[in-house]
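Chemist: here's a sequence, model it:
(2 chains)
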Protein chains: 2
Amino acid sequence: MSEGETKPDPAPRPHVVIVGAGFGGLEVARGLAKAPVDVTLIDRHNYHCFQPLLYQVATATLSPADIAWPIRHILSRQPNITMLMAQAEGVDRTRRELLTSEGPIRYDVLVLATGATHSYFGHPEWARFAPGLKDIEDATQLRRRILLAFERAEVTSSPEIRRRLLTFAIIGGGPTGVELAGSIAEIARHALAPDFKRVDPRTARILLIEAGPRLLPALPERLSEHARERLEAMGVEVLTGRPVIDMGVDHVTLEGGESLPVATKIWAAGVRASPAADWLGVAADRAGRCHVEADLSLPGEPDIFVIGDTAAVSQADGRPVPGIAPAAKQMGDHVAEVIRARLSGGQAPGFRYRHAGDLATIGRNAAVVKLGRLELTGFLGWMFWGIVHVYFLVGARNRLTVALSWLWNYLTYQRAARLITGDVVPARSPAPAPQEPRPPA
Amino acid sequence: MSEGETKPDPAPRPHVVIVGAGFGGLEVARGLAKAPVDVTLIDRHNYHCFQPLLYQVATATLSPADIAWPIRHILSRQPNITMLMAQAEGVDRTRRELLTSEGPIRYDVLVLATGATHSYFGHPEWARFAPGLKDIEDATQLRRRILLAFERAEVTSSPEIRRRLLTFAIIGGGPTGVELAGSIAEIARHALAPDFKRVDPRTARILLIEAGPRLLPALPERLSEHARERLEAMGVEVLTGRPVIDMGVDHVTLEGGESLPVATKIWAAGVRASPAADWLGVAADRAGRCHVEADLSLPGEPDIFVIGDTAAVSQADGRPVPGIAPAAKQMGDHVAEVIRARLSGGQAPGFRYRHAGDLATIGRNAAVVKLGRLELTGFLGWMFWGIVHVYFLVGARNRLTVALSWLWNYLTYQRAARLITGDVVPARSPAPAPQEPRPPA
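Modeler: Take a look at the predicted model:
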C-alpha cells in the first residue's frame, strides 16, 4: 500500500476512503475498526438504509426511521473513522483524490461501494412514470403515489378514470416486485377497504408484469409457481412473458400491442450500477459494473477496490454474484481482510462468494425460501423471512419497533404509516362528485 | 337550516361540509356521528396531525407516522361521513358552494376549521430563513436543517463558519419555542455528542429569542422564571425583551443593532389565521381571524361557522380564547351541538370556553404546568405533561409507539429518527478539511 508523499501527519497512517454506507461500505469500515488506518466514510445520506424492507415503507407498514439508522451512530465507537456527508463526483487517479460535492479528498486506499440505481433498458423517459425503489426518498414517494391514487379515485366522478386510478402495475417479477404486489394487494383489501365510502379499494386491480417466463427466477420453478398461485389468490394478476414496450402517464403497453390503463406504475425490473466506472475511466459491463481482480481491486490499480452492486464478480460456476445484501457484505468483509493483510505484509486469498439462499415474502403467512436443499413456503417460510429480516436490522430499537409493527399489522390488518407526504395537494381531476354514493359491496 | 333546492336525493338530508381535519374540524365530524346529516370533511392532507408533538418530529425523537393518523381511518365507523382530500380555495356564498382544488362542493352548512399559519409580522421574506412548525412537512424540513447544520459543521475547515453552523436561534418564547430550544439542547449535548469526530456538538450555541419581557407569557411569572433557569442550566441562552428586526441566510439582528451569526433559525413567534375571512369576503381582525356570533356562526350567516385558530372568540373576562388544541376541540364540539339542536328545532346556548390549564415541557425531567391553582414543575410536571400528551393521541398504536419512544429516549439518551430527508446533498462549503482532528474534549 502506497502512502501520500506530502502527508504532514507526524504518525502517518494510510487513509482509507470508503464511498457508500450501504451493506458493503459499512462492512469495510467495521472490518477496519482495529486496523492501523484512518478511515473516512462518505455517503450522500446521513443514514444507512436497510433496503430489503424499503417496500414496507412504500406500502405504509413501516416508517423511514424504522429501517434507517444514522451512520455516525453505528460507527460512533470506532475511533479511527470519520464520516462525511457528501456526494461523490469523480476520482482523480493521478492525484489520488476522490472528488466530492465538498471538495477533493486524498486517499491512500479507495473503496467504491456506491451500489446501483434503476435501469430502464434504454428508456430513461419511463423513470418519471414508473419510479423505482432504491432509497428512503423513493419509498416515501411511492407511498404517496399509491395512497393518492385511492384518494383521487374517491374524488372522481368518471368511472373510466376511477378504474385507471385503481389499477397498479408493478413491472419486474423479482423479489421486490413480488413483495410490492403482495403488499399493495393486502393494503387495498384490508387496511383501506373499510375507510373509503365511494370507491371500494378491494376492487383495485394489481398487475405484476414480468418479461421473463416466470416470477423469482433465482428460485426453483416449484417455488416460482407457488408464489404465482399465492399472489393470484390474493387478487394479483400475474403476467409473465410480457415485456413492457411503452408507457405514459396513464397507460402501460405490453409486447403485442395490448395497452392497459394504469395510473400507478412501479419499476422493479432492472438495475444499473452507479457511475463508478465513469469516475475511474475504466470499461464497464452492460450493467455498468466495473471488472475487478480476484481480490476485488481494479485491474492494475491495487489501491482501488470496487464492491457490491458496482462490481462485476463471478461465482465459481461462472454465474454472476447476485445483487443482494449478503453478497455486498461478504465483499466488504473481504476488502477489509485484504487491507489488513497487506498492512501486516501478508496476502489474503481471492474473494469467494458463499450463497446462503434466496427468499421473498408474498404476504400474510406466505413466503418462499430456499436455503441449500431446504425449501420453505407458507407460514414457516414467512416466519423465517421475518426473523431473518429483524435479525439483520441495525440496532435493538429498530428490531423492536419493526417486530411490534408487524405484530400490530398482523393482528389488526392495519398499516401504521398511511401518510401522504411531499407534494400534498392532489391534481385537479376533471369533475368532483360530492353526492355520489359507493355501490353496495 | 336551509336545504339545497335542487338536491335530487330521495331522502334529502342537510349536507354539512367541514374544512380542516385538525382538532376543531374532527370534533365537529365526530359530534355529528348520529345526526341526520351527510357530512363531507375536506383536508389537504390525508392525515390528522397531533400538532403539540410536532417539535419532537423536528428534533428527531418521533417519526411523522407516530403523531399522524389517516383521517379516513379515524372516521371509518361513521357511515354518514365522506372524507375528501382537497385544498379549499374559496366560498361562493350566493351559490352556497365551497370552492376546492377538486371543484365546487355544495353545502347546506359550512364549518371552516382551517387553522393558522406563521405570521412574520410584515416580513414575509423571513419565511425562507426561519421556517415555522405547523405541519409534518415543516417538521421534517426543520429536522433536516438542524441535523444538516451539524453535518456541515463537521465538514468545514473554517472556524467562523463552523461557529455559525453550530448556532441555532429559536425566535419566540411561547411553549413551542421553549420546547424546541430544550429539545435541540438535549440532542446536541446527548444524542449527537458521541457521534461526531471533528466538532463537538456540545459546544452548540442555542439562542431562545423573545421580544416580550418573559418566556411563556400565558403562565405565572414564577413558572416563566423556572423555565428560564432550567433552559439556562441546559445551555440555552435566553434573550428576553429582544425583538428581531432583521435576518438573512447567516444572521439574526436584534433591536439595538446587535447582529448574531446564526445558520439555523426557527420561527415560533407568531401565527396568522388561514385565509377564511378572504374566502368569505368578511372583515378580519389584525391576526386575520373572523369575527363570529356567540354560537360561532358568521354574523348574518347562520349556516356558516368558523372555529379554532381561524375565529376571534373572547372569554368571559374579555381575553381572547387561546390558540391551543383544547380550545379548538371545545369549539368543534359546540358547533356540532348547535347543528344537532337546530335539527331538532331547539337552540344551543352560546359558546363558553373552559380553560383547563397551560403547560410546556423543557426537557428531561423538566416541565411547567398550571392547572387552576395547581402548579407543577420538575419531574412531576414532566410526567404529567407526558401522560396528557400520550392520552390525547389518536389510536392505541400511536400511544404505545410514542410512549416506547420516550422510554427508549429516556433510558438511552438517543433519538430514533435522526434522518435527513428531502434535499439530501449538502451545499458546497468553501473548503473541506479531511485531516482536521477534533480538539480534545
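Chemist: what packs against the helix or strand hosting A:Thr82?
Modeler: Secondary structure from DSSP states H and E places A:Thr82 in strand A:81-85. With contacts taken as 3 or more Cβ pairs under 8 Å, 6 or more residues apart in numbering or on different chains; DSSP states H and E, strand A:81-85 sits against strand A:38-43, helix B:136-155. Every C-beta, even on glycine, is put in place using the N, C-alpha and C of the backbone.
Chemist: the first one pairs with which strands, and in what direction?
Modeler: This points to strand A:38-43. Take DSSP bridges as the rule and strand A:38-43 pairs in its sheet with strand A:15-19 (parallel), strand A:81-85 (parallel).
Chemist: so A:Val252: helix, strand or coil?
Modeler: Three-state call for A:Val252 (DSSP: H, G, I helix; E, B strand; the rest coil): strand.
Chemist: rewinding a little: buried deepest among the strands paired with strand A:38-43, which one?
Modeler: Mean neighbour count (mean count of other Cβ atoms under 10 Å in any protein chain shown) peaks for strand A:15-19 among the strands paired with strand A:38-43, with a mean of 27.
Chemist: output that one in CSV with nothing but the alpha carbons.
Modeler: C-alpha atoms of strand A:15-19 as CSV (Å, rounded to 0.1, in the frame of the first residue of the first chain):
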residue,chain,number,x,y,z
HIS,A,15,-6.0,6.9,4.7
VAL,A,16,-8.8,4.6,3.6
VAL,A,17,-11.7,6.4,1.9
ILE,A,18,-14.9,4.4,1.5
VAL,A,19,-17.7,5.7,-0.6
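Chemist: tell me the mean pLDDT over that strand?
Modeler: For strand A:15-19, the mean per-residue pLDDT is 98.
Chemist: what's the answer for stretch A:399-414, then?
Modeler: 89.
Chemist: and for stretch A:115-129?
Modeler: Stretch A:115-129 comes out at a mean pLDDT of 94.
Chemist: helices or strands up against the following helix or strand past the strand holding A:Thr82?
Modeler: Using DSSP H and E, the helix or strand that follows strand A:81-85 in sequence is strand A:88-92. Strand A:88-92 sits against strand A:97-100, strand A:109-112, helix A:276-280, with contacts defined as 3+ Cβ pairs under 8 Å, 6+ apart.
Chemist: winner for burial among the ones you listed?
Modeler: It is strand A:109-112: most buried of those by mean count of other Cβ under 10 Å, with a mean of 28.
Chemist: now do it, average pLDDT.
Modeler: 98.
Chemist: show me what the helix or strand following that strand is packed up against.
Modeler: Beyond strand A:109-112 on the C-terminal side, the first helix or strand identified by DSSP H and E is strand A:116-118. On a contact count with 3+ Cβ pairs under 8 Å, 6+ apart, strand A:116-118 meets strand A:271-273.
Chemist: paired strands for the strand it packs on, with orientation please.
Modeler: By DSSP bridges, strand A:271-273 pairs with strand A:116-118 (antiparallel).
Chemist: can you give me the helices for the stretch 201-350 of chain A?
Modeler: For the stretch 201-350 of chain A, the helices defined by DSSP state H, counting those that start in this stretch cover A:221-233, A:276-280, A:325-343.
Chemist: in chain A, which helix or strand is least confident?
Modeler: helix A:396-412 (a mean of 89; mean pLDDT, DSSP states H and E).
Chemist: now that helix: buried residues?
Modeler: Buried positions in helix A:396-412, judged by neighbour count with 16 or more other Cβ atoms under 10 Å in any protein chain shown: A:397-399, A:401-402, A:404-406, A:408-409.
Chemist: re earlier: any idea which of the helices of the stretch 201-350 of chain A gets closest to A:His389?
Modeler: Among those, the nearest to A:His389 by Cβ to Cβ is helix A:325-343 (10.1 Å).
Chemist: does the helix or strand just after that closest one pack against any helices or strands, and if so which?
Modeler: Using DSSP H and E, the helix or strand that follows helix A:325-343 in sequence is strand A:358-363. On a contact count with 3+ Cβ pairs under 8 Å, 6+ apart, strand A:358-363 meets helix A:175-186, helix A:221-233, strand A:366-371, helix A:378-392.
Chemist: what comes up buried for the last one?
Modeler: This means helix A:378-392. Along helix A:378-392, these residues count as buried under the neighbour rule (16+ other Cβ under 10 Å): A:381-382, A:384-386, A:389-390.
Chemist: out of those residues, which one sits closest to A:Arg77?
Modeler: Nearest to A:Arg77 among these: A:Val390, at 22.8 Å, using Cβ to Cβ.
Chemist: chain B contacts on the stretch 1-150 of chain A?
Modeler: Contacts of the stretch 1-150 of chain A with chain B, taken as Cβ under 8 Å from any Cβ of the partner chain, map to A:7, A:9, A:15, A:40, A:44-47, A:63-66, A:68, A:70, A:72-73, A:76, A:81-87, A:100-106, A:136-137, A:140, A:147-148.
Chemist: thinking again about what came up before, so for A:Tyr353, which of the helices and strands packed on strand A:358-363 sits nearest?
Modeler: Each of those has some distance to A:Tyr353 by Cβ to Cβ; the shortest is strand A:366-371, at 15.6 Å.
Chemist: who does the closest one pair up with?
Modeler: strand A:358-363 (antiparallel), strand A:374-377 (antiparallel).
Chemist: can you give the distance from the first one to the centre of its chain?
Modeler: Remark: strand A:358-363 is offset 14 Å from the chain centroid, using Cα atoms, centre = their mean, to the nearest Å.
Chemist: what sits up against it?
Modeler: Contacting residues not belonging to strand A:358-363 are listed as A:174-175, A:178-179, A:182-183, A:185-186, A:216, A:218-219, A:227, A:230-231, A:234, A:367-371, A:381-382, A:384-386, A:388 [Cβ atoms under 8 Å, 6 or more residues apart in numbering or on different chains].
Chemist: write a ChimeraX command that selects only the buried members of those.
Modeler: The following ChimeraX line selects those of those that are buried, judged by 16+ other Cβ under 10 Å:
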select /A:174,175,178,179,182,183,185,186,216,218,219,227,230,231,234,367,368,369,370,381,382,384,385,386
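Chemist: on that earlier part again, can I get the helices and strands packed on strand A:81-85 in JSON lines with mean neighbour count, mean pLDDT and distance to A:Val282?
Modeler: Formatted as JSON lines, the helices and strands packed on strand A:81-85 follow (neighbours: other Cβ atoms under 10 Å in any protein chain shown; pLDDT from 0 to 100; distance: least, Cβ to Cβ, whole Å):
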{"stretch": "strand A:38-43", "mean neighbour count": "25", "mean pLDDT": "97", "distance to A:Val282": "20"}
{"stretch": "helix B:136-155", "mean neighbour count": "22", "mean pLDDT": "95", "distance to A:Val282": "29"}
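Chemist: to A:Arg202, which of those lies closest?
Modeler: Using Cβ to Cβ, the helices and strands packed on strand A:81-85 put helix B:136-155 closest to A:Arg202, at 28.5 Å.
Chemist: so which elements touch the closest one?
Modeler: Counting contacts by 3+ Cβ pairs under 8 Å, 6+ apart, helix B:136-155 is packed against strand A:81-85, helix B:54-58, helix B:159-165, strand B:264-267.
Chemist: now with 6 Å?
Modeler: Judged by 3 or more Cβ pairs under 6 Å, 6 or more residues apart in numbering or on different chains; DSSP states H and E, helix B:136-155 is in contact with helix B:54-58, helix B:159-165.
Chemist: out of the helices and strands packed on strand A:358-363, nearest to B:Phe23?
Modeler: B:Phe23 lies closest to helix A:175-186 among the helices and strands packed on strand A:358-363, at 31.7 Å (Cβ to Cβ).
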